[in-house]
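K.L.:
Predicted model, plus sequence, below.
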Amino acid sequence: MAIRILLAEDDDSMREYLSRALEKTGYTVTTVDRGTAALPLLESQRFDLLLTDIVMPEMDGIELAQRASVLAPEMRVMFITGFAAVALKNGQTPPDAKVLSKPFHLRDLVLEVDRMFQVGTAADL
């Protein structure tokens with residue numbers, strides 16, 4: 001059973017880069033360019049992981065994660081951000097969410113996702 005990832009990232013090249021790396025290692029990735037576009041997908045499909053940028057137009061990643069935890073409480077969350085300190089203030093992030101600070105190597109991202117699901121694909125990168 002393939003692990004399904006919903007990737008919300010407003011930067012086109014970053015979104016493409018991340019989805020390609022994750023798909024290359026065997027994950028099924030659906031991408032959206034903003035949090036508001038992710039909500040209808042969360043309502044209609046099942047995902048194992050929400051991988052979201054924090055700073056996005058219309059709805060930031062923290063609000064998206066909060067809404068996602070209601071729609072899909074069993075789904076895991078990982079934030080990718082260049083603003084980690086900002087993101088973590090006020091304890092707004094879900095308690096078990098991971099935060100990966102930009103810039104990061106693709107291998108680090110895949111390792112973190114692998115670790116979440118106890119799989120070993122990162123060796124292929």
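P.N.:
Happy to help now that I have it.

K.L.:
Residue 27 against residue 3, yeah?
P.N.:
Yes. Using C-beta atoms under 8 Å, residue 27 is in contact with residue 3, at 5.3 Å. Placement of C-beta: from N, CA and C, glycine included.

K.L.:
which of those two has more neighbours?
P.N.:
When neighbours are counted by other C-beta atoms under 10 Å, residue 27 and residue 3 differ, and residue 27 comes out ahead with 23 against 19.

K.L.:
what do residue 27 and residue 3 both touch?
P.N.:
Shared contacts of residue 27 and residue 3 (C-beta atoms under 8 Å, 6 or more residues apart in numbering): residue 113.

K.L.:
What segments of the chain are helices?
P.N.:
12-24, 35-44, 61-71, 84-88, 106-117 (DSSP state H).

K.L.:
Just list the residues touching residue 55, thanks.
P.N.:
Applying C-beta under 8 Å, 6+ apart, the residues near residue 55 are 10, 61, 81-83.

K.L.:
what residues are up against residue 10?
P.N.:
Per C-beta under 8 Å, 6+ apart, neighbours of residue 10: 33-34, 53, 55-57.

K.L.:
at 6 Å instead, please
P.N.:
By C-beta atoms under 6 Å, 6 or more residues apart in numbering, residue 10 lies in contact with 33-34, 56.

K.L.:
Let me know the distance separating it from residue 23.
P.N.:
The spacing between residue 10 and residue 23, counted by C-beta to C-beta, to the nearest Å, is 20 Å.

K.L.:
go on, residue 49?
P.N.:
When residue 49 is compared with residue 23 (using C-beta to C-beta), they lie 13 Å apart.

K.L.:
between the two, which one's more packed in?
P.N.:
Counted by other C-beta under 10 Å, residue 49 and residue 23 do not tie: residue 49 has more neighbours, with 21 against 13.

K.L.:
right, and that one touches residue 76 too?
P.N.:
Yes. Counting by C-beta atoms under 6 Å, residue 76 is a contact partner of residue 49 at 4.9 Å.
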